[in-house]
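Student: Sequence first, predicted model second:
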Amino acid sequence: AIESYHSWDRITKDKNDRSDGVNPETLGRFIKRGIAVAGPGMGKTTLLKRITRRYSEDNIPVLSVRLSAVAADMKSGSSFEESVFRHGLDGSGLPHDKVQEAGFSNWLLLGDGLDECGEMQERVAEGISRFATGYPDSRVLITTRPVGYAANHFTNWRHYDLLPLDPSYAATHVSRLWDAITGPDDSDNRRHSVCESELENKSVSETVGRTPMMIGMAAAILARGRSLGGTREALFEQIFGLIDQVPARSQQKPASGVVLSRFLDLFGWLATKTPLAPVTKMLEACGSELAAIFGEPSMPATEKAEKYVAYWEDAGLIEKVGQDTTQVYCFVHKAFGEYLAARHLCRLAEDDRLDDIKETLHQPQWENVLRFAGGLGLGEFLCTLFIEQADKDENWHLRLVDMVQIIAEAEPEVSKEVRKKILASAFKVVSDRARQEAYPLGFPLAACAERYPDEVASHAAALRQSNQIWTRLVAWNCLISAGPEHYALD
């Protein structure tokens with residue numbers, strides 16, 4: 001379920017070919033009962049704000065509420081209807097009891113975050129259903145994430161998926177939002193050209209281009225005169241710097257910036273290591289680590305951990321997902337947690353780092369953590385350890401793909417001696433193994449060829465006439481990436 005939550009863009013992207021899409025601003029116009037389902041960062045809350053504005057322009061009364069706040073009121077004894085009117089009219093200057101007495105029948109109820117209601121979700125869902133029945137002329141639109149949502153009360157309601165954006169339009173989307181932040185640019189297409197250059201790296205454009213959240217962060221970074229960095233590691237460093245500078249938060253900092261940052265790294269490591277740990281268990285694990293760091297009893301350390309997690313929840317990086325009393329913490333973007341886990345790994349003492357890497361090196365779920373770590377300075381360490389451990393892993397060829405990618409991205413670069421061994425192993429797989437094992441090495445080897453053209457081309461040239469079509473394809477891809485001086489076309 002957690003993997004489904006974090007992989008929403010990959011799971012739903014094939015649906016872009018469907019012809020039954022609808023303009024999101026028209027939700028509720030014709031089908032009056034709807035549920036909008038989307039993964040993290042897909043713009044559910046922003047969509048409701050836009051719908052609120054559109055319906056208000058048509059003089060349709062709108063009640064837009066955060067359902068977690070409604071759930072808290074209901075837990076304290078309020079009814080669903082009373083809470084919805086109180087929160088929906090908050091700031092309007094209108095007394096909610098007088099508005100209810102006015103007898104409007106065509107309300108638009110927008111409820112954000114049904115999955116965030118925890119153990120109160122069933123009661124909130126019942127309240128929504130009663131509201132829809134009691135106001136038959138109303139329109140009701142609810143948003144939820146795919147994990148932690150029970151559809152029992154809404155089986156006859158229309159469900160909509162908010163699909164990911166096409167990353168090939170990332171530069172266009174970022175430049176338009178940049179214009180919206182700072183005003184249009186006088187110079188013709190300058191910002192779009194800057195965005196195209198900043199998003200030239202495929203891994204960066206794929207990371208940025210699929211969700212409104214990441215597009216917004218990229219635009220905010222560029223609007224501040226900064227670079228996205230050209231690599232995923234540099235991009236995430238900029239993103240976390242941006243988040244830490246956001247001034248408007250309901251939470252005061254419970255510790256110094258350094259402590260909060262280091263705790264976030266630790267949390268990323270633990271969340272990657274035990275992604276299904278319940279909320280209480282995760283806080284206890286964080287408390288144990290803090291107790292060891294600060295040399296204090298576990299109880300006060302766990303209380304600190306709870307405050308630190310609440311701070312990062314408020315910052316929008318961490319959230320609880322799940323249903324009823326079974327909830328877990330996760331990051332709003334899976335790669336956030338993986339990047340932080342890599343940063344934690346880089347800061348460990350060498351002996352501790354060695355033990356942790358040996359434990360995780362052969363586990364597929366740590367692939368991105370290791371790649372991030374390679375880009376943060378551990379490239380040589382990881383590739384050397386892989387060479388030493390290769391004979392102990394029956395799936396070593398899968399990790400070989402990661403090591404080749406690390407060579408292509410590592411800063412500082414991996415030594416020539418280690419590169420030579422890794423590249424020789426990679427091309428042996430391309431030459432001798434079946435297509436299923438050879439093809440995954442194609443793109444990482446091509447990336448290596450751009451950085452180390454002579455070293456890669458010397459291997460690829462020997463395979464360009466191979467009897468195996470997949471071997472020839474990988475070889476020619478590498479030669480073309482290395483440059484025209486490494487091949488001749490008759």
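Tutor: Sure thing, it's come through.
Student: Buried residues, stretch 160-177. List them.
Tutor: For stretch 160-177, burial by neighbour count (16 or more other CB atoms under 10 Å) applies to 160-165, 167, 170-171, 173-177. In short, each C-beta sits where N, CA and C put it, glycine included.
Student: cool, stretch 407-427 as well?
Tutor: Those would be 407-410, 414, 418-419, 422-423, 425-427, for stretch 407-427 by 16+ other CB under 10 Å.
Student: Keep only those of those residues that are in helices.
Tutor: Members of these lying in helices (criterion: DSSP state H): 407-409, 418-419, 422-423, 425-427.
Student: The spatially most central residue of the chain and residue 40, how far apart?
Tutor: By CA atoms, centre = their mean, the chain has its centre lying nearest to residue 333, at 1.8 Å. The gap separating residue 333 from residue 40 is 6 Å, by CB to CB, to the nearest Å.
Student: Quick check, pLDDT for residue 412.
Tutor: Reading off the confidence values, residue 412 has pLDDT 91.
Student: Could you do residue 206 as well?
Tutor: So residue 206 comes in at 90 (pLDDT).
Student: Correct me if wrong, but it is in a strand.
Tutor: No: the assignment for residue 206, made by DSSP: H, G, I helix; E, B strand; the rest coil, is helix rather than a strand.
Student: That one and residue 168 touch, don't they?
Tutor: No: the criterion here is CB atoms under 8 Å, and residue 206 misses it with residue 168 at 9.7 Å.
Student: can you give me the strands for the protein?
Tutor: 33-37, 62-66, 108-112, 139-144, 158-161, 318-323, 326-331 (DSSP state E).
Student: Lowest average pLDDT across those strands?
Tutor: Of all the strands of the chain, strand 318-323 carries the lowest average pLDDT, namely a mean of 75.
Student: who's in contact with the closest residue to residue 318 other than its chain neighbours?
Tutor: Closest residue to residue 318 apart from its sequence neighbours, by CB to CB, 6 or more residues apart in numbering: residue 312 at 4.7 Å. The contact partners of residue 312, taken as CB atoms under 8 Å, 6 or more residues apart in numbering, are 260, 264, 267, 318.
Student: Any idea what the residue lying closest to residue 64 once chain neighbours are set aside is bridged to?
Tutor: Nearest residue to residue 64, sequence neighbours excluded (CB to CB, 6+ apart): residue 110, at 4.2 Å. For residue 110, the beta-bridge partners are residue 64, residue 141 (DSSP bridges).
Student: is it true that residue 110 touches residue 141?
Tutor: Yes: the pair residue 110 / residue 141 is scored as a contact, 5.5 Å apart, by CB under 8 Å.
Student: Could you list the low-confidence segments of the stretch 101-250 of the chain?
Tutor: 147-148, 150, 186-188, 246-250 (pLDDT under 70).
Student: Now do the helices in it.
Tutor: 121-134, 170-182, 190-198, 202-209, 212-223, 232-245 (DSSP state H, counting those that start in this stretch).
Student: For residue 340, which of these is the nearest?
Tutor: helix 232-245 (8.1 Å; CB to CB).
Student: who does that closest one touch, helix- and strand-wise?
Tutor: Where contact means 3 or more CB pairs under 8 Å, 6 or more residues apart in numbering; DSSP states H and E, helix 232-245 is packed against helix 202-209, helix 212-223, helix 257-273, helix 334-347, helix 367-373.
Student: between these, which gets nearest to residue 101?
Tutor: Of all the helices and strands packed on helix 232-245, helix 212-223 comes closest under CB to CB, at 39.2 Å.
Student: what's the neighbour count on residue 310?
Tutor: 14 (other CB atoms under 10 Å).
Student: dump the residue contacts of residue 480.
Tutor: Contacts for residue 480 were tallied using CB under 8 Å, 6+ apart; they are 446, 487.
Student: circling back to that earlier point, may I see the strands of the chain organised as CSV, with distance to residue 51 added?
Tutor: As requested, those are exported to CSV (distance: least, CB to CB, whole Å):
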stretch, distance to residue 51
strand 33-37, 10
strand 62-66, 8
strand 108-112, 6
strand 139-144, 7
strand 158-161, 12
strand 318-323, 22
strand 326-331, 27
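Student: Can you report phi and psi for residue 317?
Tutor: phi -90, psi -30 (degrees, to the nearest 10).
Student: Tell me if I'm right that it and residue 332 touch.
Tutor: Yes: assessed by CB under 8 Å, residue 317 is found in contact with residue 332 at 6.2 Å.
Student: where do the contact lists of residue 110 and residue 141 overlap?
Tutor: 48, 51.
Student: re the thing from before, turn the helices of the stretch 101-250 of the chain into JSON lines, including distance to residue 105.
Tutor: Formatted as JSON lines, the helices of the stretch 101-250 of the chain follow (distance: least, CB to CB, whole Å):
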{"stretch": "helix 121-134", "distance to residue 105": "10"}
{"stretch": "helix 170-182", "distance to residue 105": "37"}
{"stretch": "helix 190-198", "distance to residue 105": "47"}
{"stretch": "helix 202-209", "distance to residue 105": "43"}
{"stretch": "helix 212-223", "distance to residue 105": "34"}
{"stretch": "helix 232-245", "distance to residue 105": "43"}
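Student: Quick check: which of those helices is nearest to residue 434?
Tutor: helix 202-209 (26.2 Å).
Student: Quick check: buried residues in that closest one?
Tutor: Applying a neighbour-count criterion of 16+ other CB under 10 Å, one finds 203-209 buried in helix 202-209.
Student: Can you show me the CA trace of that helix as CSV?
Tutor: Output in CSV follows, covering the C-alpha atoms of helix 202-209 (Å, rounded to 0.1, in the frame of the first residue of the first chain):
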residue,chain,number,x,y,z
LYS,A,202,16.6,13.5,-17.6
SER,A,203,16.6,12.3,-14.0
VAL,A,204,16.0,15.9,-12.8
SER,A,205,13.3,16.6,-15.4
GLU,A,206,11.5,13.3,-14.5
THR,A,207,11.7,14.1,-10.8
VAL,A,208,10.4,17.7,-11.2
GLY,A,209,8.0,17.3,-14.1
